[in-house]
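Chemist: structural data only, the sequence is not supplied:
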């Protein structure tokens, strides 16, 4: 108990929060440093470490590439858990909304660029995947005022295929496994392009629907405003007009003069 009266807490009788603004700041800080955001931060920290491990000793040391694969696998696993934890336990924050997609694209982009730099992966594959990911991110901002496009099953399959394919390329594989990783990457590229086109279609439809809804709302507001104005004008027309004080006073001033004038004219005739 702080001994403060109920009026100090807004008059509701509720127990005031100890510390006022300091308590609110502590709550905000606690909501920021939750487990979901910590996993996202860990994924961001893993990006430079992954690059160093992958490029160590020229990028062709199997042992160091195994360490790089472990860092990449941890990053992919945290990507699966942080969003699920945030939605399940109501840990969604503005920081998480911004940092999570950045961390996803940072680790994937770093892996693709490093692999193409080492000559393990064609540059056009890296270009297609990065162009799709960055383009879809920009398109999200383009339609965010009209709604959010939920993640589709194809998008989830794309993410899984990309993670497996890139992970297999990070490892120094030979023989049949090297051939297998080629086909897994081919599947990832196909899913990347297909889901990207589907996302563009959904974004265009969502934007058109949003614009149509906004125009309908504006038209309804204009119609309601016009109807209200018309009702007000009709109400003024039905109300009888009463004489004002100035008019009454004017009539009173003209009355005696008018009587005196008539009497004087009658006397003159006589």
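Modeler: Looks like it arrived, so ask away. Just so you know, these numbers come straight off a predicted model, no measurement behind them.

Chemist: helix or strand right after the helix or strand harbouring residue 168?
Modeler: Element membership for residue 168 (DSSP states H and E) is helix 153-170. Per DSSP H and E, the first helix or strand lying C-terminal to helix 153-170 is helix 176-238.

Chemist: and that following helix, what other elements does it pack with?
Modeler: helix 123-143, helix 153-170 (3 or more Cβ pairs under 8 Å, 6 or more residues apart in numbering; DSSP states H and E). The C-beta positions use only the backbone N, C-alpha and C, and glycine is treated the same way.

Chemist: center of this structure - which residue?
Modeler: The chain has residue 144 as the residue nearest its centroid, 5.5 Å off, counting by Cα atoms, centre = their mean.

Chemist: any idea how far residue 97 is from that one?
Modeler: Residue 144 sits 11 Å away from residue 97, going by Cβ to Cβ, to the nearest Å.

Chemist: what's the answer for residue 60, then?
Modeler: 39 Å.

Chemist: looking at the two now, which is surrounded by more residues?
Modeler: The residue with more neighbours, out of residue 60 and residue 97, is residue 60; 13 against 10, by other Cβ atoms under 10 Å.

Chemist: could I get the helices and strands packed on helix 176-238 as CSV with mean pLDDT?
Modeler: Formatted as CSV, the helices and strands packed on helix 176-238 follow (pLDDT from 0 to 100):
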stretch, mean pLDDT
helix 123-143, 90
helix 153-170, 92
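
Chemist: now, of those helices, which is deepest in the fold?
Modeler: helix 153-170 (a mean of 19; mean count of other Cβ atoms under 10 Å).

Chemist: what helices or strands is it leaning on?
Modeler: helix 62-88, helix 94-118, helix 176-238.

Chemist: how far is the last one from where the chain is centred?
Modeler: It refers to helix 176-238. Distance of helix 176-238 from the chain centroid (Cα atoms, centre = their mean, to the nearest Å) equals 14 Å.

Chemist: could I get the average pLDDT for that helix?
Modeler: Here helix 176-238 scores 88 as its mean pLDDT.

Chemist: possible to save the helices and strands packed on helix 153-170 as TSV with distance to residue 43?
Modeler: Shown next, in TSV, are the helices and strands packed on helix 153-170 (distance: least, Cβ to Cβ, whole Å):
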stretch	distance to residue 43
helix 62-88	5
helix 94-118	4
helix 176-238	20
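
Chemist: residue 135 is nearest to which of the ones you listed?
Modeler: helix 176-238 (7.0 Å; Cβ to Cβ).

Chemist: the closest one vs helix 94-118, what angle?
Modeler: Counting by axes from the mean of the first three to the mean of the last three Cα atoms, to 10 degrees, helix 176-238 lies at 140 degrees to helix 94-118.

Chemist: between helix 176-238 and helix 123-143, how many degrees?
Modeler: 20 degrees.

Chemist: show residues contacting stretch 143-153.
Modeler: 140, 195, 198-199, 202-203, 206-207, 209-211 (Cβ atoms under 8 Å, 6 or more residues apart in numbering).

Chemist: what is the most widely separated pair among those residues?
Modeler: Maximum pairwise distance among the contacts of stretch 143-153 (Cβ to Cβ): 24.5 Å, between 195 and 211.

Chemist: who's more crowded, these two?
Modeler: When residue 195 and residue 211 are compared on other Cβ under 10 Å, the one with more neighbours turns out to be residue 195, at 21 against 11.

Chemist: ok, now which ones touch the more buried one?
Modeler: The neighbourhood of residue 195, defined by Cβ under 8 Å, 6+ apart, consists of 152, 154-155, 158.

Chemist: again with residue 78
Modeler: 39-40, 42-43.

Chemist: drop anything exposed from these.
Modeler: In these, burial by neighbour count holds for 39-40, 43, counting by 16 or more other Cβ atoms under 10 Å.
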